[in-house]
Every structure is written in C-alpha cells, then in structure tokens.
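> Output the structure for:
(one chain, ligands or ions: 1)
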Amino acid sequence: MGFSESKWLNSTCPHDCPSTCALEVERDEQNQIKRIRGRKKHSYTDGVICGKVANYAKRHHHQNRLTYPLKRVGPKGTGIGAFEKITWEEALDLTVNALKESSESFGPESVWPYFYAGTMGWIQRDGIERLRHVMGYSRQHSTICVGLSDAGWLVGAGVKRGIDAREISETDLLVVWGGNPVNTQINVIHRFQQARRLRKTKLVVIDPYTTETAKRADLHLRLKPGTDGALACAVMHVLFRESLADWKYLRKYSDNPQRLEEHLRERTPAWAAQITGLTVSEIEQFAGLYGSNPRSFLRLGYGFTRYRNGATNMHAVSCLPMVTGAWKYLGGGALYSNSGICPFDVSEIKGFDRLDQSTRILDQSRIGQILCGYPDDLQGGPPIKAIFIQNTNPIVVAPETNLVQQGFSRKDLFICVHEQFMTETAEMADVVLPATNFLEHDDCYSAAGHTFFQIAKAVVPPVGECRSNHRVIQELALQLEARHQGFLKSEWELITGMLEKSGFKEKIPLEQKSFEIDLDLGFRKMHFLDGFGHEDGKFHFNADWTHWGQGNQEMPKLPDHWEVRDSLSKEKPYRLITPPARWFLNSTFNEMSLSQDRLTSPKAWMHPQDLKQEGLENVAQVKLGNERGEIEVALEANQDVQPGLLVIEGLWTNRAFPASKGVNTLTSADAALPNGGAVFHDTTVWVRAF
Ligand code: SF4
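As a prediction, the model looks like this:
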C-alpha cells in the first residue's frame, strides 16, 4: 500500500463506545498521523469527539507500540525484557504447532480463541470466530459487557433498538440513567447542550455518585447501587396514581397494563425510599417531572445493569416510557442500543455455516475459573491447553484478577496474544504478535449510540511489521488447513460481499475510500408505532426470563426490586463501584502517558462521614478487600460519593496500584441471571488503614 499526499481522510473510531464517531484524520507526506477531529458533516458526530481519540496520533506513534513478533525467553509477567524478537514465520510456526498439539492431544475444545471489543470493527474483531467454528475450538459466551443489559431490554421491547439519538435535540427532558456521558459519550452532552439552548430541555441523572454528568443536571437522584428497579417501580406507581399514565397507548402497545398497575400499588415512593436511600420527595419530584414531560428521552447506560439484578433493573426502567406513552412523540422514548438495526448477513465473516452447536461454550467473564480448571466451568470437557487472544486484556479487564493471573501463570498453557502494546496479558504470553490499529486496516462498524453503519479504509500503512487481525487469522487458517471461503478474501471483499448479499449492492459506491449508510428505520419503526419486537407486537411488562433457560424462574415476572445483590455485612460494610474514567476506555489508553498524566494515579473516593467513622481522615492509602483478595489504593475524601459507597474510576492497570493488584481483584465473576454477565459494580468490601 503506498500513500504520498498530505491530506484529511475519513475514518471511524473503532473503540468500544456507543458513539462510533465519524472521524477526519490528517496524514502528512511521510505517512505520519497529525490531527484527528470529528467529522463536521456527519449528522450524529457533528464535529465532536472525545479527548482520548483527538489525541490518538500520540498513541499511534507511541514508542511502546509493538512493531515486530516476540517470543518469551524469560519469566512470565516481567515486561518486554523477557522477550526476544523473532520473525513472523517463526511466530506463526510456534503458534500453529501449539494449537495443533493441543488439538491432537486433548481435542479441539482444548483450544480457546478469546477476544472482545478492543476494536468494534466487524472484520478485525469477528474473524477469530470463523477460525473457531471451522476448527471446532471452544466457543465464547461474551458476557463482559452486554449480557445483562441486553436481556433486560429484550425481555420487554423484544428487539435491540430504540429512538434515534439525534432526537435528543427534540426532547423536553433527557434522563441519563446509569451512564456518565461526559466521561464516556460526549456526543450525548453535545446534543443535550444544543437542546438546552434551543428548548430549555431539562436533564435528570440517575447515578449512585455525583458524576461529571450529574453535576450538569437539573435533578440528580443519587440512589443506592443496584436499586434502580425500585426507583422505576415507584415512579410508575406515581404515574398511575396521578393519572399521568396514557391508558390508550398502554392498551394498544403493552401486554397487561392493568396487572402492572395492580402490582405497583404496593411499590410506593415510601417503599422505594427504604430501598434506594432517596427521599420520598425526590422520587415524587422525578415522577412528576417525567409524567408531565411525555416528550422525554431516556438514555439508558450499562452501569446500572452490572449487578446480579442488572437485567431486572433494565427491564423495570425500560417500562417507564410505556406508561407515559413517550414513544409516540418526537424526542420521546428510550435508547439503550441501536446495534440491532443492522440487517446484514455476517455468516461469512463469523463462519456461522461451520458453527457446531454441540461445541462447548465458555463464559468469557469466568476466564480465571476456566484456566484454573474448575470442573463446572469446563463442563466435562478438556482443560484449556492453548489460548489465542485478540482485542482484549483479560488480566486487567476480567473479574477476579487473582484467579485470572493464576490461570495465565500455568506452565502447561500455551498463550499467544496479538496486540498493539505490551499489556499485562501480553506479558504472560509465549508468543506476542504486533497488531495494526484502525488507521492501518480496513473495517466496517455499526453503532450502539446512533444509526449509521460506517466503512473505513486504512489511512496509513502499518507501522513496523504489524499485521491486521484479519491477516493473522488468514495465515493461521492456511497453516492449520482450516478451509472456508472467508479466509481467502480481503477485508474489503468480505465487507462488500456482506453488503451485496444483504441487498445493498446498488446503493454503495464501492470504489469510495469510506462510506456510510444511515440505517434509521423512520419515525414509526424507531418509535415502535408499528409494534414492538415480540410476536404479539406488544411491549412485555410480564417478563418471560425462561427464554434464556428454565433456571430463571426465580426472577421477578413483573418490574420490581430483586434483592440478590452482594450482601453487606459487619465484615464487608461498603459497596464498591468501578465506573469508567474520562481518559480510559476499558483498558485501552491506559498504557499511554496521556491518560496517566491527566489522572496521576488510581484513587478510592469515600464520603467524609465514612472516613471519620472509620478513623481514616488522615490516612493517604488504604487496603480494600473481600473474599477474592485485597488491593492497596490511595484514599480521597469526596462529597460526591454517598455514604457507604466507594468509587474507583478506571480502568487502571494492575501495576498502577501500589501492590500491583487492580480493582478487578475484588470484583466477582458470578454469572448473573438470566444469561450470564459480569457484575462489576456489585461488590462489597472492607476498608482498613494501610
Ligand atoms: S467519543 Fe467514543 S466513539 Fe467518539 S472518538 Fe471518543 S471513544 Fe471514539
């Protein structure tokens, strides 16, 4: 690939962020990346992107980028000094031989291709699935992010879509529930500010601590973590009680509103106040505001679903716009995710034609237990003897770090990591392969937070010897004799093939370097005025959790507070939540001095009243712990955190903490109902002076 002129080129942000921003990237004559900005002409991005990606040139040209393959020759986990440079040929041989040996000795399920959302591009992220299915390797149940939120949304609405985010400009009331878009989705704030200027739109934030978004709110409800279902029920109680419910709409579009109203009679604001820690008047105030503004936009985040009761919380909250009939109005309704509106056939990309449903499926969040050989997690199958990782950093990201590290420390486990930087996971690998980033490869992207499907070509050639995920999968497939037409195609051929197969042939100028398709389905469909996603076309207040298995019968059928959270006790009197900081995105960017310069070091925030009670007022560093382990962390008094709660924004590397134990040492890998899902904010801990 040859590039020469200096100019601005279109691209798309690949990160695991709902905005999936349309970008413009400045490239000079030497193929250096200069500035990156949001595309002004893109009707969602509107020229606005976050500081992380605006500074991406620094990450792209970072001196610590991996630029050639490495073989580990020293102890695991001891940095780049434990590796020596090897050729691609040798690296691929080592990897292929290990995968073959594992497969031949223990069966193909002893190999686990493991990936997640380091890039959200369909080709570079999902090609590993094709290799998995063709080879019969163990499958992955992807539970780190949306397992609980998806289930909670789908059980009510029946399909994963909501209103177009551009309608924030048309709303009278924006409710940000369980998210902090100032840190994580700046475009929501940008659009809200426009709406506030033009229409005096009000902002309500529901969050256990006073986030940067909450500081901008007209009303902030600082509820106890994991009590969102109770708040939603009490708000609906008030809506019915005050005749603010739209009965005509309810009868037409929902399954059993009379039953819901009866059920909610006991769920009063006083009942919810006991559970949520809010005052009755705060709940009444919010309900009055919500009920008197049916043109209200509920922006549902992921944060409030990362609990053992996360799916029921999502379902309860998603019922609110049904009661007021908000969906009928421009700027009214809810948006959790619009990733379900893509109509494209991904079977070739993911190799679905070779998927064998009898192959075991392993829970991604329980990687620690799986690598440590817990029998229930292995489901009677072989131990994992070889793991091939792309797009994720489980030693930092996955729960129960001590177990994860123990698993990765096994001498009999072959580990290959394909990465952009020497992450803590890569440091445990036998072979490390250097990966391209989104500026160096072609890919296509859907979005959770808007309706555009975007396709972006590489802007510069790869640095050093970096290879794309797609190319590495192709090379592994070739040597493993994995036969599938998808391995023979370029990224571009896979993308255009998928579009053509899905009926978009005429609409796409394939010679273009980048393009986009607005998949917005129009007002009636995006607002479910032609019906919801279930067969009966209704929204379901009556949740059928058994869709995900008969074991879910204990879950509440109607919206409720389900008390299955991690229990507080005398030994563990505090709840801990671990929301995202502004300069990190999962573990991406935490290797950069950019992030660390701005944030300096991880801190646990605690209310001054708790500090006094614990005698920690003059203590700079504490230990936090529970049955899974303990960490050391700097302590800071913060009025923005409610009493009884600790907040550590991140996600920092383990090494950023004084004892090299990061926050996921404390989080649980319990698989929450109905379908698994990590419970990152559902953690109780003790606090001790250091
Ligand atoms: S806001 Fe999100 S999508 Fe946009 S540039 Fe930043 S990380 Fe990427």
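
> which bits of the stretch 151-300 of the chain sit near the ligand?
By Cβ under 6 Å from any ligand atom, the residues of the stretch 151-300 of the chain that approach the ligand are residue 186. To be clear about C-beta, it is placed using only N, CA and C from the backbone, and glycine gets the same treatment.

> ok so residue 26 is a strand residue?
Yes. Inclusion of residue 26 in a strand is indicated when DSSP: H, G, I helix; E, B strand; the rest coil is applied.

> List the contacts of the closest residue in space to it that isn't next to it in sequence.
Of all residues not flanking residue 26 in the chain, residue 34 sits nearest, at 4.1 Å (Cβ to Cβ, 6 or more residues apart in numbering). Neighbouring residues of residue 34 by Cβ atoms under 8 Å, 6 or more residues apart in numbering: 26-28, 57.

> same check, this time on residue 397
Residue 397 sits in contact with 116, 144, 586-587, 651, 664, where contact means Cβ under 8 Å, 6+ apart.

> mind redoing it with 10 Å?
116-118, 144, 364-365, 367, 404, 423-425, 586-588, 651, 662, 664, 678, 680 (Cβ atoms under 10 Å, 6 or more residues apart in numbering).

> The residue nearest to residue 26: what secondary structure?
strand.

> Report the buried members of the contacts of residue 34.
Buried members of the contacts of residue 34, counted by 16 or more other Cβ atoms under 10 Å: 26-27, 57.

> from these, which is closest to residue 277?
Nearest to residue 277 among the buried ones among the contacts of residue 34 is residue 57, at 44.8 Å by Cβ to Cβ.

> mind checking which helix or strand residue 250 is in?
helix 247-253 (DSSP states H and E).

> Quote the end-to-end distance of stretch 445-460.
19 Å (Cα to Cα, to the nearest Å).

> do the same with stretch 544-552
9 Å.

> How far off centre is stretch 8-25?
17 Å (Cα atoms, centre = their mean, to the nearest Å).

> in stretch 362-380, what counts as buried?
Buried, per 16+ other Cβ under 10 Å, within stretch 362-380: 362-372, 377-378.

> now, among those residues, which is nearest to the ligand?
Among the buried residues of stretch 362-380, residue 364 lies closest to the ligand (Cβ to the nearest ligand atom), at 21.8 Å.

> how close does the closest one sit to residue 630?
Residue 364 sits 25 Å away from residue 630, taking Cβ to Cβ, to the nearest Å as the criterion.

> So the residue of the stretch 51-200 of the chain found nearest the ligand: helix, strand or coil?
Taking Cβ to the nearest ligand atom, the ligand has its nearest neighbour within the stretch 51-200 of the chain at residue 53, 3.5 Å off. With three-state DSSP as the basis, residue 53 sits in helix.

> Torsion angles phi and psi at residue 423?
For residue 423, the backbone dihedrals (degrees, to the nearest 10) come out as phi -70, psi 170.

> Does it touch residue 589 like I think?
No. With contact taken as Cβ atoms under 10 Å, residue 423 and residue 589 are classed as non-touching, separated by 11.8 Å.

> Which parts of the helix holding residue 250 count as buried, going by neighbours?
In helix 247-253, counting by 16+ other Cβ under 10 Å, buried: 249-250, 253.

> Using JSON lines, please lay out those together with pLDDT.
Putting these into JSON lines (pLDDT from 0 to 100) gives the following:
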{"residue": "249", "pLDDT": "98"}
{"residue": "250", "pLDDT": "98"}
{"residue": "253", "pLDDT": "98"}
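
> And the buried ones among the contacts of residue 34, which is closest to residue 549?
residue 57 (47.3 Å).

> number of nearby residues for the residue nearest to that closest one when sequence neighbours are not counted?
Among residues not flanking residue 57 along the chain, residue 33 sits closest, at 4.3 Å (Cβ to Cβ, 6+ apart). The tally of other residues near residue 33 (other Cβ atoms under 10 Å) stands at 21.

> Residue 463 versus residue 33, what's the distance?
For residue 33, the distance to residue 463 - Cβ to Cβ - is 10 Å.

> Touching both of those two, which residues are there?
60-61, 437, 439-440.

> In helices, which of the contacts of residue 397 appear?
Among the contacts of residue 397, the members found in helices (DSSP state H) are 367, 404.

> For residue 15, give me its contacts.
Residue 15 sits in contact with 21, 50, 52-53, 56, 117-120, 438, 445, 585-586, 588-589, where contact means Cβ under 10 Å, 6+ apart.

> hmm, try it at 7 Å
120, 585, 588 (Cβ atoms under 7 Å, 6 or more residues apart in numbering).

> go on, residue 373?
By Cβ under 7 Å, 6+ apart, the neighbours of residue 373 are residue 383.

> what do you get for residue 102?
Contacts of residue 102 (Cβ under 7 Å, 6+ apart): 110-111, 385-386, 414.

> hmm, back to that, show me which of the contacts of residue 15 is closest to residue 285.
Of the contacts of residue 15, the one sitting nearest to residue 285 (Cβ to Cβ) turns out to be residue 585, at 34.1 Å.

> Backbone torsions only: list them for residue 9.
According to degrees, to the nearest 10, residue 9 has phi -130, psi 150.

> Where does the stretch 501-650 of the chain get nearest to the ligand, residue-wise?
Closest point on the stretch 501-650 of the chain to the ligand, by Cβ to the nearest ligand atom, is residue 585, at 5.7 Å.

> any idea how far the nearest residue to that residue once chain neighbours are set aside lies from residue 189?
Of all residues not flanking residue 585 in the chain, residue 15 sits nearest, at 5.2 Å (Cβ to Cβ, 6+ apart). Separation of residue 15 from residue 189 (Cβ to Cβ): 17 Å.

> and what of residue 44?
Distance of residue 44 to residue 189, computed by Cβ to Cβ: 13 Å.

> Check residue 164 too.
Residue 164 is 17 Å from residue 189, by Cβ to Cβ.

> sorry, back to before: and residue 423 and residue 589? Which one has more around it.
With neighbours defined as other Cβ under 10 Å, residue 423 and residue 589 compare such that residue 423 has more, 26 against 21.
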